[in-house]
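Engineer: Predicted model and sequence follow; I will ask about them next.
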Amino acid sequence: MWDSLPEHVSAQMRQWITNQADWLMVYRLPLYAPDLNPANGIWSNLRITLLNFAVRGIDELAALIKHRLKRMQYQPESLTGFIA
C-alpha cells in the first residue's frame, strides 16, 4: 500500500519499485483515505485523549503518549474497531 508521503512518491522510490517489479505489486492510496489506513484511527483516538493535558516539555509529552498507547494495547476490541 502506497500513500502520498513525499518519501513514497520520490524518484528514488519509484525507481526501486520498478526494479522489484517481478515480485512487488504496489497499490496507490488516494490522497486522503483515512478509512483505508487503520493507523489513522489509532492516532486520531490518541490525539483526542491528549486534548486536556498541558505538558512542561517534550519528555513529559513522550511519557504521556507512551502511557496512552500502552493503555490502548490492552484494549484489543478498540484496536479491532479501527480496522473494521
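Structural biologist: Happy to help now that I have it. These figures come from a predicted structure and were not determined experimentally.

Engineer: Now do the same for the residue most central in space within the chain: helix, strand or coil?
Structural biologist: By Cα atoms, centre = their mean, the chain has its centre lying nearest to Ala39, at 3.9 Å. Under DSSP: H, G, I helix; E, B strand; the rest coil, Ala39 falls in the helix class.

Engineer: Can you give me the pLDDT of it?
Structural biologist: Looking at Ala39, its pLDDT reads 77.

Engineer: excluding its backbone neighbours, what's nearest it?
Structural biologist: Nearest residue to Ala39, sequence neighbours excluded (Cβ to Cβ, 6 or more residues apart in numbering): Phe82, at 7.9 Å. All C-beta atoms are positioned from the backbone trio N, CA, C, and that covers glycine.

Engineer: separation between Thr18 and His8?
Structural biologist: Computed as Cβ to Cβ, to the nearest Å, the Thr18 to His8 distance reads 14 Å.

Engineer: So for the two, which sits in the more crowded spot?
Structural biologist: His8 (15 against 10; other Cβ atoms under 10 Å).
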